[in-house]
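A.B. asks: When you get a sec, could you give me coordinates for this:
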Amino acid sequence: MDITVAELKERLDKGEDLNFYDVREEHEYEEDNLGAILIPLGELPDHLDELEEIKDEEIIIHCRSGARSGKAKNFLEAQGFSNVRNVLGGILAYRELED
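C.D. replies: Down below sits the predicted model:
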């Protein structure tokens, strides 16, 4: 089940400890980020080992608009990850929420 930007913002504001990943490119991350761990989509297969230990935990993934994070979610689910959530609308929708 995906996650809305409103739910994500509420959880970040509470200071929840999330498995939170950003699959945009490094230059996008440097311009604006939500504090997620950066793993660009193209590099995701190279990071499966480090993600393995949280395979059954909730993992929240975002990108700019939700498209790349949707692909990342599908990829991780195909690798057996059971609770991957895509941030609907991505960082664009998140920033609109703040305005």
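A.B. asks: how much space between residue 83 and residue 3?
C.D. replies: 11 Å (Cβ to Cβ, to the nearest Å). Backbone N, C-alpha and C define where each C-beta goes, glycine included.
A.B. asks: what's the answer for residue 75, then?
C.D. replies: In terms of Cβ to Cβ, residue 75 sits 17 Å off from residue 3.
A.B. asks: Equivalent analysis for residue 98, please.
C.D. replies: Distance from residue 98 to residue 3, by Cβ to Cβ: 16 Å.
A.B. asks: Secondary structure class of the residue nearest to the spatial centre of the chain, three-state.
C.D. replies: Nearest to the mean C-alpha position of the chain, by Cα atoms, centre = their mean, lies residue 61 at 1.4 Å. Local secondary structure at residue 61 is given as strand here, using DSSP: H, G, I helix; E, B strand; the rest coil.
A.B. asks: what's the helix ranked longest in the chain in contact with?
C.D. replies: Secondary structure of the chain per DSSP state H: the longest helix is helix 67-78. In this structure, residues lying in contact with helix 67-78 by Cβ atoms under 8 Å, 6 or more residues apart in numbering are 2, 21, 23-24, 41, 44-45, 51, 59, 61-63, 84-87, 90.
A.B. asks: Show me the residues you listed that map onto helices.
C.D. replies: 51, 90.
A.B. asks: Put the buried members of the contacts of helix 67-78 into a PyMOL selection.
C.D. replies: Entered in PyMOL, the line below selects the buried ones among the contacts of helix 67-78, by 16 or more other Cβ atoms under 10 Å:
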select buried, resi 2+21+23+24+41+44+51+59+61+62+63+84+85+86+87+90
